[in-house]
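Participant: Any chance you can model this:
(one chain, ligands or ions: 2)
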Amino acid sequence: MGVSYYACKCCGESRYEEYVGSCTTCGKTLGTCCVVNDDIGSDYAYEYGVIYDGSEAQKNEYGIEEDWEEKGWVTIGEVIDDTSIQPKYCPFCTGEEIAQEDILAYLLKQIGKTHTEVEREYRDYINKRKASE
Ligand SMILES: [Zn+2]
Ligand SMILES: [Zn+2]
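Facilitator: Ligands and ions are numbered 1, 2, ... in the order given. Alright, predicted model coming up:
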């Protein structure tokens, strides 16, 4: 059994898997080293996971059956997804940090082009540049 390490998207450092989770909104891998609004103060990522609230939306999202609460498999107020980090703790979702890929996605949306279209244009640009050398 090996120990896995994951790189925190925010600071770039690799951390032991228990200290790392992924944001449920933006999907970025985050270490507890870089969480924001930290009202928990733990090194363990699972403590920042999504809390079960008993809502239909969560039941659908996580495929929770009606009798799971009865069976004690899920408890309201307890972490339901221990591999995730809630977006309120995510430096990217709260705007504390800005990732290049997010800027790119934003720009693409602003100019109304897809990544593929821009890639094609960029290749043309490179080829033209090469041809004029
Ligand atoms: Zn970090
Ligand atoms: Zn996020």
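
Participant: mean confidence for stretch 75-86?
Facilitator: Averaged across stretch 75-86, the pLDDT comes to 90.

Participant: That one: which residues count as buried?
Facilitator: Residues Val79, Ile80, Asp81, Ser84, Ile85, Gln86 are the ones in stretch 75-86 that count as buried (16 or more other C-beta atoms under 10 Å). In short, each C-beta sits where N, CA and C put it, glycine included.

Participant: what separates Ala57 from ligand 2, distance-wise?
Facilitator: Using C-beta to the ion, to the nearest Å, Ala57 is found at 19 Å from ligand 2.

Participant: How many neighbouring residues does that residue have?
Facilitator: Ala57 has 8 neighbours, counted by other C-beta atoms under 10 Å.

Participant: Do a quick rundown of the helices in the protein.
Facilitator: With helices called from DSSP state H, the chain shows them at 56-62, 68-71, 100-111, 115-131.

Participant: contacting residues for the residue nearest to Leu30 when sequence neighbours are not counted?
Facilitator: Spatial nearest neighbour of Leu30, excluding adjacent residues (C-beta to C-beta, 6 or more residues apart in numbering): Ile85 at 5.3 Å. When contacts are counted by C-beta atoms under 8 Å, 6 or more residues apart in numbering, Ile85 touches Gly21, Ser22, Cys23, Thr24, Leu30, Val35, Ala45, Tyr48, Gly49.

Participant: residues making contact with the helix or strand bottoming out on mean pLDDT in the chain?
Facilitator: Counting by mean pLDDT, DSSP states H and E, the chain has its least confident helix or strand at strand 79-81, which shows a mean of 88. By C-beta under 8 Å, 6+ apart, the list of residues contacting strand 79-81 from outside reads Thr24, Tyr46, Glu47, Gly49, Val50, Ile51, Tyr52, Gln58, Tyr62, Ile64, Val74.
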